[in-house]
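Enquirer: From the sequence below, what's the structure:
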Amino acid sequence: MSETLIVVCPHCAAPNRLVASRLADRGHCGKCKGALFDGHPIELHAGNFDAHTGRSDLPLVVDFWAPWCGPCRSMAPAFEQAARELEPQIRLAKLNTENELQLAARFAIRSIPTLAIFQGGCEITRQAGAMDAASLTRWIRSHL
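Expert: Predicted coordinates:
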């Protein structure tokens, strides 16, 4: 029997069961029919954060950022490139700390950008500061 993974939909936050060997097919949500992967980081907020960190079997890399942050804006294209390269095995997401003050406080985000990797509902590592795409993908892969 093939291993199955739970993948949370980026559109409706519904959990979806996928056969691991078919992950590259990218799939669609059984509830809203939206694409489960599109090569772009997903937007996290209070309403979907816990579903993506705690329900999904995929590792999740979260970029805690703010629109006024110059280094955050300069790293955004590298984060997009990393999402294209690492999906569907690893999910990348962005969380606007200006809009989600409680989540930023919950994770003691003191500087931005801060990148955190979550797996199995737990934060496994974090790194503060902007990175280029090669450094970002190397950092992510070294921790998973």
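
Enquirer: so how far is Gly129 from Ala20?
Expert: Ala20 is 33 Å from Gly129, where distance means Cβ to Cβ, to the nearest Å. In this view, the C-beta of every residue, glycine as well, is placed from N, C-alpha and C.

Enquirer: if I've got this straight, Asp50 is in a helix?
Expert: Yes: under DSSP: H, G, I helix; E, B strand; the rest coil, Asp50 sits within a helix.

Enquirer: Could you tell me the per-residue confidence at it?
Expert: Looking at Asp50, its pLDDT stands at 95.

Enquirer: Quickly note the distance from it to Cys29.
Expert: Asp50 sits at a distance of 18 Å from Cys29 (criterion: Cβ to Cβ).

Enquirer: and if you look at His45?
Expert: Separation of His45 from Cys29 (Cβ to Cβ) stands at 18 Å.

Enquirer: With Ala35 instead?
Expert: Distance, Ala35 to Cys29, using Cβ to Cβ: 8 Å.

Enquirer: Repeat that for Cys122.
Expert: Distance from Cys122 to Cys29, by Cβ to Cβ: 25 Å.

Enquirer: okay, now the closest residue to His11 other than its chain neighbours: neighbour count?
Expert: Spatial nearest neighbour of His11, excluding adjacent residues (Cβ to Cβ, 6 or more residues apart in numbering): Gly34 at 3.8 Å. Neighbour count for Gly34, taken as other Cβ atoms under 10 Å: 13.
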